[in-house]
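**Q** mind folding the following:
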Amino acid sequence: MQKTASQLAEFHRQLPAKTGITPDTAAEQASASVLNNFLHFEGSHISEESSLQIDGIETWTRNQAELLTPAFKQRAANGFIRDCHDDLHLANLFEQDGCIFPYDSLEFNPELRWIDQVSDIAFLVTDLMVRGRTDLAYAFLNTWLEESGDYDGLAVLRFYLVYRCMVRLKVASIQTRHLNEGVQGAHAIKARRYLALAQMLMNPPEHPLLVLMHGFSASGKTRTSGNLMLELPAIRIRSDLERKRLQGLQRHQHSDATIDTGIYSSASTEQTYMTVAAYCETGLKTGFNMVTDATFGKRKWRSLFLAMANRLGARPTIMQCSAPLDVLKSRIRQRTTDGLDESDADLAVLEHQPTSFEPLDREGHQLVIKDVTDFMAAESTLHL
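**A** Residues are numbered from 1 along each chain as shown. Predicted coordinates:
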């Protein structure tokens, strides 16, 4: 799914943005298209219980549409309303030569394709989740976010995830009626699954997790955080990628900066951490678990994130990664040779870190672990 996500991020990047429309009109259209979907449930072949549940989802959707109006306006002003696919579910993907491609976009009314790009990818995310592959859904979602950089879209993502569930529920309900299926028919079962997923998505955890990775370069933070984002699941933000994005560099483009210069200057580092913090706050406010992949060697950056978590009612955790110094050096030499890693940290950076890192103290709810299994065991014991 990572390759598919990268391809779709590039697809969205090349799409033209909507022009000739005011943010106010764009916000009205975003709400109207979602709310109009509920009109199709009137007289549908659904049970009384399901009808009551749909009414609850409609009420939630109306409330969210009003609350998100400023976000809809900002999304339009920033050019994220684009001529998208708008029917991007699993049945409209095909595999060829090891790559997955979308086809059969919405064509009967091209105006309907002018949507937020987050709404476009939400279709595929929900289709994976309803099939019990939340791991693939978050692998796809995280890769798309890393490639597009559209973490501000987390503000509207949950809204669109619920919307796409309801679109699929509507279609399944119509198919149930047309095929004269009973409650145990394939489409009726599918409809109930999308309904259950919509209800789950509109009731996120009250206290989402904020995980801060911590450790020297090459200590395994990216690998470990990658496992965590699939297991929890969570949205991961990598400081290496955001640092480069802020400086106009591509993810595999390396700089010649040395310690405390260029992209590693104190000003660049501060901008990076503040940007990552802003993205984390957006995600936490909408109920997503967040994982930050950074060294967090300075107490002031750990304190910033821990204070944010406490302010938002999230559950902060610091995950410490470590390895013997000779192992760290070997890993850095290998990834330098391979030239495929996004991090620019070299041996000079590694040798500087033991003297520049400030030790962990009792900062927030700290849990030092060695692997994801330990973390998930502790998480299930403490918070289920």
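**Q** now do the helix or strand that contains Ala348: which elements does it pack against?
**A** Assigned by DSSP states H and E, Ala348 falls within helix 347-356. Helices and strands touching helix 347-356, by 3 or more C-beta pairs under 8 Å, 6 or more residues apart in numbering; DSSP states H and E, are helix 325-338. Heads up, the C-betas are built off the backbone N, CA and C, glycines and all.
**Q** helix 347-356 and the helix it packs on, what's the angle between them?
**A** With axes from the mean of the first three to the mean of the last three C-alpha atoms, to 10 degrees applied, the angle from helix 325-338 to helix 347-356 works out at 150 degrees.
**Q** identify the residues contacting Glu28.
**A** Glu28 makes contact with no residue under the criterion C-beta atoms under 8 Å, 6 or more residues apart in numbering.
**Q** do the same with the one 3 residues further on
**A** With contact taken as C-beta under 8 Å, 6+ apart, Ser31 is in contact with 65-66, 69, 72.
**Q** now Ala198
**A** With the criterion set at C-beta under 8 Å, 6+ apart, Ala198 makes contact with 57, 162, 165-166, 169.
**Q** checking my notes, it in a helix, right?
**A** Yes. Under DSSP: H, G, I helix; E, B strand; the rest coil, Ala198 sits within a helix.
**Q** what does the pLDDT read for the closest residue to it other than its chain neighbours?
**A** Spatial nearest neighbour of Ala198, excluding adjacent residues (C-beta to C-beta, 6 or more residues apart in numbering): Cys165 at 3.8 Å. As predicted, Cys165 sits at a pLDDT of 94.
**Q** wait, isn't Cys165 in contact with Met200?
**A** No. The criterion here is C-beta atoms under 8 Å, and Cys165 misses it with Met200 at 9.2 Å.
**Q** of these two, which one has the most company?
**A** Applying other C-beta atoms under 10 Å to Cys165 and Met200 shows that Cys165 carries more neighbours, namely 27 against 13.
**Q** give the buried residues for the helix or strand hosting the more buried one.
**A** Using DSSP H and E, Cys165 falls within helix 154-178. Using 16 or more other C-beta atoms under 10 Å as the burial criterion, the residues of helix 154-178 that qualify are 154-176.
**Q** show me what it is packed against.
**A** Checking 3+ C-beta pairs under 8 Å, 6+ apart, helix 154-178 ends up next to helix 23-36, helix 48-67, helix 69-77, helix 117-130, helix 186-201, helix 266-285.
**Q** any idea of the angle that helix forms with helix 48-67?
**A** Taking the same axes, to 10 degrees, one finds helix 154-178 and helix 48-67 inclined to each other by 150 degrees.
**Q** helices and strands of the chain: which one bottoms out on pLDDT?
**A** When each helix and strand of the chain is scored by mean pLDDT, DSSP states H and E, helix 372-383 comes last, with a mean of 57.
**Q** so where do the strands sit in the stretch 201-350 of the chain?
**A** With DSSP state E, counting those that start in this stretch as the criterion, the stretch 201-350 of the chain has strands at 209-214, 235-238, 290-293, 315-320.
**Q** I'd assumed Leu124 was in contact with Phe140.
**A** Yes. Between Phe140 and Leu124 there is a contact under C-beta under 8 Å: 6.4 Å.
**Q** pLDDT below threshold where in the chain?
**A** Across the chain, the ranges flagged by pLDDT under 70 are 42-46, 103-111, 178-180, 182-183, 252-253, 255-261, 362-384.
**Q** at 50 instead, please
**A** Applying pLDDT under 50 to the chain flags residues 364-365, 381-384.
**Q** quick check: domain ranges of it?
**A** Following automatic domain parsing, one gets these domains for the chain: 2-201, 209-383.
**Q** and the first one, how far from the chain's centre?
**A** To tie it back to what came earlier, the one meant is domain 2-201. Centre-to-centre, domain 2-201 and its host chain are 14 Å apart (C-alpha atoms, centre = their mean, to the nearest Å).
**Q** now swap in the shortest one and tell me
**A** What separates the centre of domain 209-383 from the centre of its chain is 17 Å, taken as C-alpha atoms, centre = their mean.
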